[in-house]
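Enquirer: Predicted coordinates and the sequence they were generated for:
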Amino acid sequence: MTIKSIRTRLLTWLSIPLGLVTVLAFIIVFILLTRNVNQHFDNALLVASKSIENRLYVKNGILKFSYPHLQLDIQRSSGSGSVFYSVEDKANKLITGFENIPKPKTGKKIVFYDTTYTNQNIRALYIEYEIYRNGTTYRATIIVSETLEDRKEWISNILLITILITFLIVFVAIVASLYSVKKGLEPLVNLENFIKRRDMHDLSMINEKVPREVNSLVQSINQLFFRLKNSFLHVERFNADISHQLRTPLAELKVLMQTDDILLKSPKKTQYLEIINGMAHTTQQLLLSAKTDPDAFDRDWFSTIDLTQLCDKVAMAKVPFIYSNGFEFEFDVREDLWISGGPIILEGLLTNLIDNAVKYAVDEEKQPMGTITLSLKRKDDFILLSVEDEGYGIPKEHLDHIFERFFRLDRRKQGSGLGLSIVKQIAQLHNAPVEIKNKEPHGLKVIITFKSL
């Protein structure tokens with residue numbers, strides 16, 4: 001089961017609180033902003049009411065108002081709103097201002113309230129005002145109001161600025177979060193790339209620098225590598241022991257067949273020897289196949305080797321066998337060529353290729369056909385090792401199956417069917433592609449491409 005990546009999880013858990021804090025901050029800013037703007041304009045109404053109070057006076061026992069055509073000085077952002085005021089005496093007789101401005105439904109002497117006037121929403125201030133003259137108290141009610149356009153415009157402008165600043169802060173926070181998450185995960189990404197670059201068969205310890213939180217995981221992986229390496233060593237030792245234990249009795253049987261007087265006279269002596277030789281060959285091939293299994297091979301044993309010298313060594317060992325089977329042999333190498341590999345298993349690869357050519361490059365009467373050629377050539381940064389014969393080749397319908405285990409073209413020929421499968425395995429251990437193709441007019445050529453040092 002897969003889960004979200006660490007990067008996605010971190011960004012998610014950073015984004016959720018950031019989003020919640022942003023929304024909460026915006027709500028708080030909106031509430032405080034609305035309150036402060038209303039407070040500012042309410043104070044302006046209060047100042048205007050004081051201006052009206054200062055113009056009230058008493059003459060002949062009657063409350064009067066100077067400058068009947070008053071221009072109120074109310075602070076507004078753009079002056080787009082309308083201002084209404086009224087002054088009435090205690091008998092509700094209009095002294096100055098606008099008629100029928102709604103009054104609040106409360107008995108307080110000073111009160112701010114919201115209402116409508118001339119089909120417009122207004123904010124109003126109601127004040128009960130008293131003047132003392134000659135022992136007499138004169139009462140008046142003052143109402144100062146304004147429409148809400150200026151308030152809304154102030155709030156909208158400030159909110160717009162707040163939103164822009166908020167989005168800028170959120171954008172910076174998101175960029176910072178992305179960068180922080182990237183830098184925080186960089187050691188893990190480096191570790192991932194380091195592991196990806198490693199060969200799948202490399203069981204050496206991971207020595208990459210990692211954060212403290214990941215160190216225990218790397219240690220666990222290294223312990224797993226160590227146990228796997230020990231398991232592979234145990235399998236190799238077991239294979240070596242099996243190889244020794246099986247080869248010894250088979251060799252003894254072969255010696256017995258060749259020295260026992262009764263067996264020497266047996267008409268089935270040749271058949272017995274062929275069976276024993278076949279058993280020995282199959283055993284050797286099975287052990288080599290197990291030894292070169294890519295999933296169990298330790299590439300720490302690889303070293304820098306002279307492939308030219310290795311091919312020369314194998315060629316010298318196989319020449320008597322090739323000639324004894326009636327073939328000619330050509331060794332085409334012009335320079336020393338170096339690769340990284342395992343010399344023992346490469347000897348097994350060459351031996352299998354030559355043995356396969358000797359076995360199958362024969363005609364219907366089992367007569368050898370031409371020359372077996374081993375060649376090494378450099379091409380750019382690669383080395384091409386090839387073994388070719390002049391036999392009939394492989395039918396096209398079998399080319400896709402030729403590297404399968406136990407696949408044999410001719411069941412009548414003795415063999416294990418593991419030769420080319422082992423060649424493929426050993427080539428894979430060296431990251432070397434294998435190409436097999438028929439030659440014209442006849443013959444077979446196997447090419448293995450190694451990376452040159």
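Expert: Received it, and whenever you're ready, just let me know what you need.
Enquirer: only C-alpha atoms for contact and neighbour calcs from this point on.
Expert: Noted.
Enquirer: Quick check: buried residues in the lengthiest strand in the chain?
Expert: Using DSSP state E, we find that the single longest strand of the chain is strand 120-133. Within strand 120-133, the residues that count as buried by 16 or more other Cα atoms under 10 Å are Ile122, Arg123, Ala124, Leu125, Tyr126, Ile127, Glu128, Tyr129, Glu130.
Enquirer: Low-confidence bits of the chain, can you list those?
Expert: Within the chain, the segments meeting pLDDT under 70 span 1-4, 68-79, 199-201, 234-270, 272-274, 276-300, 405-417.
Enquirer: Now do the strands in it.
Expert: Counting by DSSP E, the chain has strands at residues 56-59, 62-65, 83-89, 94-97, 110-117, 120-133, 136-147, 303-306, 328-332, 338-341, 371-379, 382-389, 434-438, 444-451.
Enquirer: Output the contacting helices and strands for the first one.
Expert: Read it as strand 56-59. strand 62-65 (3 or more Cα pairs under 8 Å, 6 or more residues apart in numbering; DSSP states H and E).
Enquirer: Buried residues in stretch 105-125, which are they?
Expert: Within stretch 105-125, judged by 16+ other Cα under 10 Å, the buried ones are Ile110, Val111, Phe112, Thr115, Ile122, Arg123, Ala124, Leu125.
Enquirer: could I get these as JSON lines with distance to Val29?
Expert: Shown next, in JSON lines, are these (distance: Cα to Cα, whole Å):
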{"residue": "Ile110", "distance to Val29": "29"}
{"residue": "Val111", "distance to Val29": "26"}
{"residue": "Phe112", "distance to Val29": "23"}
{"residue": "Thr115", "distance to Val29": "26"}
{"residue": "Ile122", "distance to Val29": "24"}
{"residue": "Arg123", "distance to Val29": "22"}
{"residue": "Ala124", "distance to Val29": "25"}
{"residue": "Leu125", "distance to Val29": "26"}
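Enquirer: Tell me which two of these sit farthest apart.
Expert: Put simply, by Cα to Cα the two of the buried residues of stretch 105-125 set farthest apart are Ile110 and Ile122, 16.8 Å from each other.
Enquirer: Relative to Thr115, how far out is the closest residue to Ala124 other than its chain neighbours?
Expert: Excluding the flanking residues, the one nearest Ala124 by Cα to Cα, 6 or more residues apart in numbering is Ser145, at 3.9 Å. Counting by Cα to Cα, to the nearest Å, the separation of Ser145 from Thr115 is 10 Å.
Enquirer: intersection of neighbour lists for these two?
Expert: In terms of Cα atoms under 8 Å, 6 or more residues apart in numbering, Ser145 and Thr115 are both contacted by the residues Ile122, Arg123, Ala124.
Enquirer: and of those, the nearest to Gln219?
Expert: For the shared contacts of Ser145 and Thr115, the nearest to Gln219 is Arg123 (72.9 Å; Cα to Cα).
Enquirer: and the nearest residue to that closest one once chain neighbours are set aside, what is it in contact with?
Expert: Leaving aside its sequence neighbours, Arg123 sits nearest to Asp114 (Cα to Cα, 6+ apart; 4.7 Å). Going by Cα under 8 Å, 6+ apart, Asp114 touches Asn121, Ile122, Arg123, Ala124.
Enquirer: so the closest residue to Tyr129 other than its chain neighbours bridges to which residues?
Expert: Nearest residue to Tyr129, sequence neighbours excluded (Cα to Cα, 6+ apart): Ala140, at 5.1 Å. Per DSSP bridges, the residues bridged to Ala140 are Asp89, Tyr129.
Enquirer: Now render the buried residues of strand 120-133 as TSV, adding distance to Asp306.
Expert: Shown next, in TSV, are the buried residues of strand 120-133 (distance: Cα to Cα, whole Å):
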residue	distance to Asp306
Ile122	99
Arg123	99
Ala124	102
Leu125	104
Tyr126	107
Ile127	109
Glu128	113
Tyr129	114
Glu130	117
